[in-house]
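J.: predicted model and sequence follow; I will ask about them next.
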Amino acid sequence: MDTITLWQFATLAAASALVGFSKTAVSGANTVSLAVFAAVLPARESTGVLLPILIAGDLIAVLVYRRHAHWPTLLRLFPAVAGGVVAGAVFMLWADDEAVRTSIGAILLLMSGITLWRRRTPPEPEPEPWRGPEREPGTDAASRGGRIKARSYGVLGGFTTMVANAGGPVMSLYLLSAGFRKLGFLGTSAWFFLIVNTSKVPFSVGLGLIDLRSLLLDAALVLFVVPGAWLGRRCVDRINQRLFDRLVIWATVLGGLQLLLR
C-alpha cells in the first residue's frame with residue numbers, strides 16, 4: 001500500500017464499487033474491474049487482491065437474492081467447475097502475466113461470439129420457457145446436449161475464475177443461454193460465485209497471490225463494495241430483460257478486449 005498513489009487508490013475504489021454493482025445488477029460488468037486492477041497492480045498479484053473483494057460482493061448478492069437460486073443447475077455445474085479450477089491452478093504455476101491476459105481475453109471473446117451467433121439462429125420450440133426463480137427447470141439441461149454444454153461452460157468457468165477471476169462472463173453466458181431471467185440469473189450466480197470464490201482461497205494462498213499486504217489493501221477497498229451493491233439493487237428493477245441481456249454480453253466483450261489489448 002505504501003507504493004500506491006492516491007489516484008491509483010481512487011481508481012481501485014471505483015473498480016471495487018463496480019464489483020458490488022455487478023453482483024446485484026449486471027453480472028459480467030466486473031470484467032471491467034478485473035482490467036482496472038490488472039492495470040494498476042501487477043496482473044498476477046491483482047487476482048489475489050481482487051478475490052476477497054469479489055467474495056464480499058458475493059455475500060451481499062446472496063443476502064439479497066438467496067431465494068432465487070436454481071440449485072439443480074448449480075449441482076450440475078460444480079463437478080466440471082472443480083476440474084476447471086484445478087486446471088487453472090496448474091496453469092498459474094507457470095503462466096506469466098501476458099499468457100494470463102491473452103488466454104482469458106480470447107476465451108471471453110469466443111464465448112461472446114458464440115452467444116451472439118446463437119441469438120441470430122431461430123430457437124427450437126420449447127415446452128415452456130423458464131421465468132427465473134418463478135419458472136420450472138427446462139428440459140434441455142437434462143438432455144445429452146444440455147449436459148455437454150453445462151460441462152463445457154463449467155470447465156471454462158472454473159479455469160477462467162482461477163487464473164484471472166474472470167469466470168463471471170463465462171457463467172453469465174451459460175445462464176443466458178439456459179434462459180434464466182433477471183432474478184433467477186442473479187440468485188443462481190450469487191450462490192455459484194460465493195461457493196466457487198471461497199473454494200479458491202486456499203489455492204490463491206498457496207500460489208502466493210494472497211498475503212498480509214494484499215489483505216491490508218482489501219481491508220481499505222472492501223467498504224466501497226457496499227455502495228456499489230446498493231446502487232445495483234436500486235437499478236436492477238428498472239433494467240428490462242433485453243437491455244439486461246445486452247449489457248451482460250457487451251460487458252463481456254469489453255472485458256475481453258481490455259485483456260487482449262492491454
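T.: Happy to help now that I have it. Keep in mind it's a predicted model, so treat the numbers as computed, not measured.
J.: what distance do you get for His70 to Gly179?
T.: His70 sits 11 Å away from Gly179, going by CB to CB, to the nearest Å. For glycine as for every other residue, the C-beta is placed from the backbone atoms N, C-alpha and C.
J.: okay, the two: which has more neighbours?
T.: Ranked by neighbour count (other CB atoms under 10 Å), His70 and Gly179 place His70 first, with 24 against 19.
J.: the more buried one contacts Ala190, doesn't it?
T.: No. Using CB atoms under 8 Å, His70 is not in contact with Ala190; the gap is 11.4 Å.
J.: identify each buried residue in the host helix or strand of Phe203, please.
T.: Here Phe203, judged by DSSP states H and E, is contained in helix 182-206. By neighbour count with 16 or more other CB atoms under 10 Å, helix 182-206 contains the buried residues 182-194, 196-197, 199-200, 203-204.
J.: what do you get for stretch 30-44?
T.: Quick answer for stretch 30-44 (16+ other CB under 10 Å): 30-38, 40-41, 43-44.
J.: mind checking which of these land in helices?
T.: Asn30, Thr31, Val32, Ser33, Leu34, Ala35, Val36, Phe37, Ala38, Val40, Ala43, Arg44 (DSSP state H).
J.: where does this structure have low pLDDT?
T.: Residue ranges of the chain with pLDDT under 70: 1-2, 28, 111, 114-115, 118-145, 241, 244-245, 248, 255, 262.
J.: which residue is nearest the middle of it?
T.: Centroid-nearest residue in the chain: Gly168, 1.6 Å away (criterion: CA atoms, centre = their mean).
J.: quick check, that one in contact with Ala190.
T.: No. With contact defined as CB under 8 Å, Gly168 does not count as touching Ala190 (11.1 Å).
J.: all set now, cheers.
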